[in-house]
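My questions are about this predicted structure, shown below with the sequence.
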Amino acid sequence: MPLLEAKDVVSGYGKVEILHDVSVHVDEEEMVSIIGPNGSGKSTLMKTIFGLLNAWEGEVNFEGRDITGFKPNEIVREGLCYVPQESNIFPTLTVEENLDMGAFIRTDDYSEELQNVYELFPALTKKKDQQVGNLSGGQQQMVAMGSALMLNPSILLLDEPTAGLAPNLAQMILERIKDINDTGVAILIVEQNAREALKLSNRGYVLAMGKNKFTGKSDDLLDNEEVGKLYLGG
């Protein structure tokens, strides 16, 4: 049984249908990439899974439970966290205050998770009392992911975590994401650096025009001539 499964999902905005019977799944401790051209429905799928958009048809299951129609605050309590591409930090709060906000629903001691975040992102340790809005884009992304990890989730949904970052910073963020996955947290990632994301993932999905175009093991997708030509830059 998959940890997370979106099955035959139809969704969109207003009356405009963006996703047409899209299906993806993530197993426990697995890292899965969703790639495809702009406008293919990648972010729409993530928002639908997390309850920010309603699924018009189909269903979303998490740990064997139907969570279709759940609100984001309910989904978070199930153990699924989402880091959107934008508006994913509190810029006027400090690093540590942002991490505290990430643990907003916890009533127990989360000092261990806080220490784990600083160990995962050592660059944040010396910045913990600085306002996040004054940090670099890469450091802000670390804070966003660290805040999500404060809830000790079973799976992390990441929407374009390297968007706007210089290539060296983008590679570093992807490597930290793999480190997170290696701790046992499953990852579902939408990523513009498709080739690099697939290299770190177990499996991948290619979306095109709101539909499943290709799916398979990452190595198979990387070796697929059509996928390489159309979606990986040759």
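That came through, no problem.

Please list all residues in contact with the nearest residue to Glu30 once chain neighbours are set aside.
Closest residue in space to Glu30, ignoring its immediate chain neighbours: Asn202 at 4.9 Å, by CB to CB, 6 or more residues apart in numbering. C-beta coordinates here come from the backbone N, C-alpha and C atoms, glycine included. Residues in contact with Asn202, defined by CB atoms under 8 Å, 6 or more residues apart in numbering, are Asp27, Glu30, Met31, Val32, Lys217, Ser218.

average pLDDT across stretch 220-234?
Mean per-residue pLDDT for stretch 220-234: 92.

Of all the residues in that stretch, which ones are buried?
Leu221, Leu222, Asn224, Val227, Leu230, Tyr231, Leu232 (16 or more other CB atoms under 10 Å).

Sort out for me which of those are in helices.
Leu221, Leu222, Val227, Leu230, Tyr231 (DSSP state H).

The residues you listed into JSON lines, with extra columns for distance to Lys15?
Formatted as JSON lines, these follow (distance: CB to CB, whole Å):
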{"residue": "Leu221", "distance to Lys15": "33"}
{"residue": "Leu222", "distance to Lys15": "38"}
{"residue": "Val227", "distance to Lys15": "32"}
{"residue": "Leu230", "distance to Lys15": "29"}
{"residue": "Tyr231", "distance to Lys15": "29"}
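
What is the most widely separated pair among those residues?
Pairwise distances across these peak at 13.2 Å for Leu222 and Leu230 (criterion: CB to CB).

so the residue positioned nearest the centre of the chain is in which element?
The centre of the chain sits closest to Leu158, judged by CA atoms, centre = their mean, with a distance of 1.5 Å. Here Leu158 sits within strand 155-159, counting by DSSP states H and E.

contacting residues around that strand?
Outside strand 155-159, the residues touching it (CB under 8 Å, 6+ apart) are 3-4, 26, 42-43, 46, 49-50, 62, 79-85, 145, 148-149, 177, 180, 185-191.

Just the buried ones among those, please.
Looks like the contacts of strand 155-159 have 3-4, 26, 42-43, 46, 49-50, 62, 80-85, 145, 148-149, 177, 180, 185-191 buried, using 16+ other CB under 10 Å.

For the protein, which segments count as helices?
According to DSSP H, the helices that the chain contains are 42-49, 72-78, 95-102, 111-120, 137-149, 167-182, 194-200, 218-223, 225-231.

Quick one, grab the pLDDT at Glu86.
87.

mind giving me the domain split of the protein?
1-79+153-234, 86-152 (automatic domain parsing).

Can you give me the distance of Gly51 to Glu74?
7 Å (CB to CB, to the nearest Å).

Find residues that contact each of the two.
Joint contacts of Gly51 and Glu74 (CB under 8 Å, 6+ apart) are Ile67.

Ala197 reaches Ile189, doesn't it?
Yes. Assessed by CB atoms under 8 Å, Ala197 is found in contact with Ile189 at 6.0 Å.

Quick check: the farthest pair among the buried residues of stretch 220-234?
Longest span within the buried residues of stretch 220-234, CB to CB: Leu222 and Leu230, 13.2 Å.

out of the contacts of Asn202, which are buried?
Buried, going by 16+ other CB under 10 Å: Glu30, Met31, Val32, Ser218, out of the contacts of Asn202.
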